[in-house]
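**Student:** Sequence first, then the predicted structure:
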Amino acid sequence: MREAEAGLKQRVPEAEVFEHNPRRLYIRIPRERLTEAAKFLHRERGMRLAICTGIDTREGFEVLYHFSEDTTGTMYTLKVLAPKDDPRVDSQAPWFPAADWIEREMHELLGIDFPGHPNMIPLLTSDTDWDKSKYPLRRDYERRNEAHEQ
Amino acid sequence: MSSRRIVPIGPYHPLQEEPEFFKLIVEGETVVDLEINLGYNHRGHEFISPELTYDQIPFLVERICGICSNSHPLATVLAVEDICGIKAPPRGAYIRTIVHELERVHSHLLWVGLAGHFIGYNTVWMWAWRYREHILEVFEMITGNRNHYAANKPGGTRRDILPEQIPQILAALSVAEKKTMMLTNAVLDDPVIRARLERVGVLTREQAVAYSVLGPTARGSGYDIDVRRDEPWDAYGEIPFNVIVCKEGDVFAKAKVRLLETFESIRIIRECLSKLPDGPIEARIDEVPPGEGIGHAEAPRGEVFHYMRSDGTNRPLRHKVRAPSYMNIASNVVAVKGGSIADAALTLAAVDPCYCCTERMAAFEDGKLKLTGKDLLRLSWQKTEQIKERF
């Protein structure tokens, strides 16, 4: 087992690791433990945040934090799940500036809340007349509506 | 009363010709803070991609950027191949590597030209773009297009490199290498360029790590990352090359990294052409199983990252695209702080934000070519002579 994986298991015992191939690890953790796990990967293991992906799935909103370990070329993906009726994931931006923009973008496109974010203003639609209650990457978004036809 | 003022650069900056809004907050001549507004050019690729099939998506993501137009499709097909657990056959892998490195050469020459333009050194701009032309002609020969090459498809490549094209590619590379060497010596030795670029827009290693910047922006700050070496794909594991790293973190270091990388790319292309294996250029993909895939490739500006989730149909469920500029532009907030307003435009351009502007002119009349490139050159000389006479 890899050192980073073992260290993470020690910090977050609930972590479920799925190995897609030797260089792609997907790690499912409870959302309350995200900050701890991300801090471990970045600060102690020196990994770089590649990006975050938000997905609207049947179980809820999945937020994926892709960390890249450049010394071995392995991608560690932390997966947290936020239920549909309570779409909240703790913000990583206060301690990690690389997460700032992407969390703003996910808030805007998927409607996930990031409590603790220092500057939660829209990133892409800041000075347009976009309807703030519409989230285009959600499954229930009307793909062919009047706004599209115009 | 506070002495803070806002100097806006954008949304359409006359120098950068790019829709991004930088609000410089200044005290006197010094920049104390920066606000960045994005979204003027948002085209919703992540929204469109799940409506297309896996074969169509490379054509969509190719249009994200005209300069990185090989990196995005490459990362997409790597993600699809990661889901399926297959690899491109050797010949396809080598051809993909050649096209990818050719793109780095042309993109770096483009940036050097723009940097020259930004500091008012238009001779550098004209010459760098003239040398880039040789590379674009190679692209036209092997892929059919000067931009938007459409070279990648899931499982391999779309077009083969014919044996009779190899001498022509090598000849074009020799010309480009000789000229780039001349340009590199001229740029790195020029006292005016050094004075203008050194200690400007410094990004320290700690800041580079905190903002997770990529590519030459990171390597110019001593942050030694390169996906080609760290996680080799296609032919990169078999071809030796050096990763150029500079410690200073200023604009000059970034220029140095880009110029020296060009020679490494030319070396990789030569090596690939000499080792080009025989065999098929693509592997067959019958169906994409449910699952997740990540593809990342080192574009000229840094790592391009694509995440794809499949549910077993012929369209992806989710496709996340991250271009390198997304991380690099955010780091401008710390890079411009403490500098003067005059240096700001240069610092903002040093991370090489993308835009596409490659055009070529040909005048036709009644279906016949009226003016060739040589005629245009002659006309331009005539015009210069006329202007000389007038003054």
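**Tutor:** Nice, I can see it.

**Student:** low-confidence ranges in chain B?
**Tutor:** Residues of chain B meeting the criterion pLDDT under 70: B:1-2, B:13-17, B:351-370, B:373, B:391.

**Student:** Give me the domain ranges for it.
**Tutor:** With automatic domain parsing as the criterion, the domains of chain B are listed as B:4-42+B:326-389, B:57-324.

**Student:** just how off-centre is the first one within its chain?
**Tutor:** Distance of domain B:4-42+B:326-389 from its chain centroid, counting by Cα atoms, centre = their mean, to the nearest Å, is 15 Å.

**Student:** Report how far apart the opening and closing residues of that domain are.
**Tutor:** End-to-end distance for domain B:4-42+B:326-389: 49 Å, by Cα to Cα, to the nearest Å.

**Student:** Please, where are all the helices along chain A?
**Tutor:** Along chain A, the stretches classed as helices by DSSP state H are A:3-11, A:34-39, A:100-110, A:146-149.

**Student:** would you turn these into TSV with mean neighbour count and mean pLDDT?
**Tutor:** Placement of C-beta: from N, CA and C, glycine included. Formatted as TSV, these follow (neighbours: other Cβ atoms under 10 Å in any protein chain shown; pLDDT from 0 to 100):
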stretch	mean neighbour count	mean pLDDT
helix A:3-11	15	90
helix A:34-39	18	94
helix A:100-110	22	91
helix A:146-149	8	56
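
**Student:** Can you say which of the domains of chain B is packed in most?
**Tutor:** domain B:57-324 (a mean of 20; mean count of other Cβ atoms under 10 Å in any protein chain shown).

**Student:** where exactly do the helices run in the stretch 51-200 of chain B?
**Tutor:** With helices called from DSSP state H, counting those that start in this stretch, the stretch 51-200 of chain B shows them at B:57-62, B:71-84, B:90-118, B:122-143, B:166-189, B:191-197.

**Student:** Of all these, which one is nearest chain A?
**Tutor:** helix B:71-84 (6.8 Å; Cβ to the nearest Cβ).

**Student:** what sits up against stretch A:14-23?
**Tutor:** Contacts to stretch A:14-23, defined as Cβ atoms under 8 Å, 6 or more residues apart in numbering or on different chains, come from residues A:5, A:8-9, A:25-30, A:33, A:37, A:72-75, B:82, B:85, B:231, B:291-293.

**Student:** same thing but at 7 Å, please
**Tutor:** Contact with stretch A:14-23 is made by A:5, A:8-9, A:25-30, A:33, A:73-75, B:231, B:292, as judged by Cβ atoms under 7 Å, 6 or more residues apart in numbering or on different chains.

**Student:** and what of stretch B:160-176?
**Tutor:** By Cβ under 7 Å, 6+ apart, stretch B:160-176 touches B:95, B:98, B:105, B:131, B:134-135, B:137-138, B:141-142, B:266, B:269-270, B:273, B:281.

**Student:** okay if I get the domains of chain B as TSV plus distance to residue A:62?
**Tutor:** Listed next are the domains of chain B as TSV, based on distance: least, Cβ to Cβ, whole Å:
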stretch	distance to residue A:62
domain B:4-42+B:326-389	21
domain B:57-324	9
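
**Student:** all strands for the stretch 201-350 of chain B, in order.
**Tutor:** B:291-299, B:302-310, B:316-322 (DSSP state E, counting those that start in this stretch).

**Student:** Tell me if the last one is near chain A.
**Tutor:** Yes: contact between strand B:316-322 and chain A, assessed by Cβ under 7 Å from any Cβ of the partner chain, occurs at B:318, B:320, B:322.

**Student:** for residue B:89, what are its contacts?
**Tutor:** Contacts of residue B:89 by Cβ under 7 Å, 6+ apart are B:156, B:279-283.

**Student:** The residue of the stretch 201-350 of chain B found nearest chain A and residue B:293, how far apart?
**Tutor:** For the stretch 201-350 of chain B and chain A, the shortest gap (Cβ to the nearest Cβ) falls at residue B:231, measuring 3.1 Å. As judged by Cβ to Cβ, to the nearest Å, residue B:231 and residue B:293 stand 14 Å apart.

**Student:** I'd like to know which of the strands of the stretch 201-350 of chain B lies nearest to residue A:82.
**Tutor:** Residue A:82 lies closest to strand B:316-322 among the strands of the stretch 201-350 of chain B, at 15.6 Å (Cβ to Cβ).

**Student:** helices and strands around the closest one, which ones?
**Tutor:** Judged by 3 or more Cβ pairs under 7 Å, 6 or more residues apart in numbering or on different chains; DSSP states H and E, strand B:316-322 is in contact with strand A:48-56, helix B:45-48, strand B:302-310.

**Student:** Would you convert the ones you listed into TSV that also reports distance to residue A:91?
**Tutor:** Formatted as TSV, those follow (distance: least, Cβ to Cβ, whole Å):
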stretch	distance to residue A:91
strand A:48-56	11
helix B:45-48	21
strand B:302-310	21
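
**Student:** These: which one's closest to residue B:207?
**Tutor:** So among these, strand A:48-56 is nearest, using Cβ to Cβ, at 13.1 Å.

**Student:** is it true that residue B:83 touches residue B:294?
**Tutor:** No: with contact defined as Cβ atoms under 7 Å, residue B:83 does not count as touching residue B:294 (9.3 Å).

**Student:** residue ranges for the strands of chain A, please.
**Tutor:** Using DSSP state E, the strands of chain A run over A:16-21, A:24-28, A:48-56, A:61-69, A:74-82.

**Student:** Could you say which one of those strands comes nearest to residue B:33?
**Tutor:** Closest of the strands of chain A to residue B:33 is strand A:48-56, at 23.4 Å (criterion: Cβ to Cβ).

**Student:** just the angle between the closest one and strand A:74-82, please?
**Tutor:** Orientation check (axes from the mean of the first three to the mean of the last three Cα atoms, to 10 degrees): strand A:48-56 against strand A:74-82 gives 40 degrees.

**Student:** quick one: strands adjacent to strand A:48-56?
**Tutor:** strand A:61-69 (antiparallel) (DSSP bridges).

**Student:** Let me see the contact set for the nearest residue to residue B:305 once chain neighbours are set aside.
**Tutor:** Closest residue in space to residue B:305, ignoring its immediate chain neighbours: residue B:322 at 4.1 Å, by Cβ to Cβ, 6 or more residues apart in numbering or on different chains. Applying Cβ under 7 Å, 6+ apart, we find residue B:322 in contact with A:50-51, B:305.

**Student:** Can you report how many residues neighbour the residue lying closest to residue A:132 once chain neighbours are set aside?
**Tutor:** Once flanking residues are discounted, residue A:132 sits nearest to residue A:122: 7.6 Å by Cβ to Cβ, 6+ apart. By the criterion of other Cβ atoms under 10 Å in any protein chain shown, residue A:122 has 18 neighbours.

**Student:** Okay, residue A:122 and residue B:36: tell me how far apart.
**Tutor:** 13 Å.

**Student:** about what we covered before: count of residues packed around the residue nearest to the residue of the stretch 201-350 of chain B closest to chain A when sequence neighbours are not counted?
**Tutor:** Spatial nearest neighbour of residue B:231, chain neighbours left out: residue A:73 (3.1 Å); criterion: Cβ to Cβ, 6+ apart. Each residue near residue A:73 was counted by other Cβ under 10 Å, and the total is 16.

**Student:** I'm done for today, thanks for sticking with me.
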